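Engineer: sequence first, then the predicted structure, then my questions.
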Amino acid sequence: MPDDLYALEKHSQVSREPMKMLDMLVVGGGYVGLAAAVAVKQAAPHLKIEVVEAAPETVWQKDERASAIIAAASRMLEVLGVWNEIQFEAQPISSMIVTDSRTSDPMRPVFLTFDGTIEEGRPFAHMVPNVAMVRALRGACERLGITIRHGLSATGFETGSSKTVVTFSDASTTETRLLVACDGVRSKLRDMAGIRTVSWDYGQSGIVVTVAHERPHEGVAEEHFLPSGPFAILPLTNNRSSLVWTERSDEAERLVASDDLVFEEELQRRFGHKLGELTVVGERRAFPLGLTLARAFVAPRFALAGDAAHGIHPISGQGLNLGFKDVAALAETVVEADRLGLDIGALNVLERYQSWRRFDTFRMGVTTDVLNRLFSNDVTPIRIARDFGLGVVERLPALKNYFIGQAAGKTGQDGPKLLAGQVI
């Protein structure tokens, strides 16, 4: 059969297949999308949920990065039944120190220190390999009967009064009562929904790389504020650390493209020598940094979560955790609406999720933006003012405890239950 006739026949077979009808369709198979599917399905097993991911099935296994998981997020993952599997590869952060200096300074004075423990046996954060998180969440999807379809991207959708019809790159279609977009900071679904964003580019890139070192880090995380941007050292297991190294974008491109000797020399100047000789482990990559905040999180039968709703500077290490907070709020909104017999895709139902998350996201976006602008410069009066401010926080235990509580994701009585370790 000629190729064009074969393609026509294949398209006809797809079009004749009965359209799937789901309760919730998640587009984006990263940790936020998978966690959203697991959280809803676990609390409401009768709901039909599916995840669609554009990348091939094995791509997630090649991700060498690690992420900071705050205490609230680890509580949620415990409730979802995956933390026991993840924590074997997780490194607790026992403490954190903050310095402010120039790259050429022989000494880096410590202006602020945080004890990493917020309660008995629980640090305010862990460093977790991304592969471990995705593996555990994919396993939970399999146990719960959630199908994950790979190699498909959504090419469009039409929203009606009772359902949304989503079209995919293979010409197949799926009907769903609720479409959840977890397709990243450059979300195509967000654009299709007509949701605008507030965004700008910082002119910076974050170099992400893992290093091995001679001496143990003792679980200490470090944030060095340098004129070009923050240089974060985040502890991993087995005498390794994950680095998030902020530079001007042109300089970051030069460093990533440089040979090993030049890269490691520049890295050692910023890292210091207290942990001995450094060895780069795995690939080094640079990611452009900017701020992107969606003007709305919901539309009829449509919700944004994770980076599709917000992309912020990594200076606070809160990007992924904002996504997990979205998951907790969205899951509780959907599950409680379903229990009350309400339409889980109705706009008045989804607006509860939006009101829960939009202000917190806006506040974090503004905070990271201000911090980056305040610390990514070498203006002497600003340096004096910020160092004075860090010193004030260091000398006020109550204020330090407040900041560490916020960093750990501490929520009040009105916060989503999953973040407090409670079942929906």
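Structural biologist: Looks like it came in fine.
Engineer: got the end-to-end distance for stretch 213-225?
Structural biologist: End-to-end distance of stretch 213-225 (Cα to Cα, to the nearest Å): 21 Å.
Engineer: can you list the buried residues in that stretch?
Structural biologist: 213, 217, 219-225 (16 or more other Cβ atoms under 10 Å). Any C-beta I mention is one placed from the backbone N, CA and C, and that applies to glycine too.
Engineer: wait, what's in contact with residue 190?
Structural biologist: 181, 183, 197, 294, 304, 308-309 (Cβ atoms under 8 Å, 6 or more residues apart in numbering).
Engineer: try residue 418
Structural biologist: Applying Cβ under 8 Å, 6+ apart, the residues contacting residue 418 are 39, 75-76, 79-80, 327-328, 331-332, 424.
Engineer: of the residues you listed, which belong to helices?
Structural biologist: Members of the contacts of residue 418 lying in helices (criterion: DSSP state H): 39, 75-76, 79, 327-328, 331-332.
Engineer: now distance to residue 23 too, for the buried residues of stretch 213-225, in JSON lines please.
Structural biologist: Below are the buried residues of stretch 213-225 laid out as JSON lines (distance: Cβ to Cβ, whole Å):
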{"residue": "213", "distance to residue 23": "49"}
{"residue": "217", "distance to residue 23": "45"}
{"residue": "219", "distance to residue 23": "42"}
{"residue": "220", "distance to residue 23": "45"}
{"residue": "221", "distance to residue 23": "40"}
{"residue": "222", "distance to residue 23": "45"}
{"residue": "223", "distance to residue 23": "42"}
{"residue": "224", "distance to residue 23": "47"}
{"residue": "225", "distance to residue 23": "47"}
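Engineer: mind pulling up the pLDDT for the spatially closest residue to residue 33 that is not a sequence neighbour?
Structural biologist: Excluding the flanking residues, the one nearest residue 33 by Cβ to Cβ, 6 or more residues apart in numbering is residue 182, at 3.5 Å. For residue 182, the pLDDT comes out at 97.
Engineer: what sits against residue 182?
Structural biologist: 26-28, 30, 32-33, 36, 305-308, 323.
Engineer: out of those, which one sits closest to residue 113?
Structural biologist: Nearest to residue 113 among these, counting by Cβ to Cβ, is residue 323 at 28.2 Å.
Engineer: now the host helix or strand of that closest one: buried residues?
Structural biologist: Residue 323 belongs to helix 319-339 when assigned by DSSP states H and E. Within helix 319-339, the residues that count as buried by 16+ other Cβ under 10 Å are 319-338.
Engineer: give me the phi and psi angles of the closest residue to residue 308 other than its chain neighbours.
Structural biologist: Nearest residue to residue 308, sequence neighbours excluded (Cβ to Cβ, 6+ apart): residue 187, at 3.8 Å. The phi and psi values for residue 187, taken as degrees, to the nearest 10, are phi -50, psi 120.
Engineer: all helices of the stretch 201-350 of the chain, in order?
Structural biologist: Assigned helices in the stretch 201-350 of the chain, in chain order: 249-257, 260-271, 319-339, 347-375 (criterion: DSSP state H, counting those that start in this stretch).
Engineer: which of the ones you listed sits closest to residue 95?
Structural biologist: Once those are compared by Cβ to Cβ, helix 260-271 is nearest, at 17.7 Å.
Engineer: which strands and helices sit next to the closest one?
Structural biologist: Applying 3 or more Cβ pairs under 8 Å, 6 or more residues apart in numbering; DSSP states H and E, we find helix 260-271 packed against strand 197-213, strand 229-236, strand 240-248, helix 249-257, strand 278-294.
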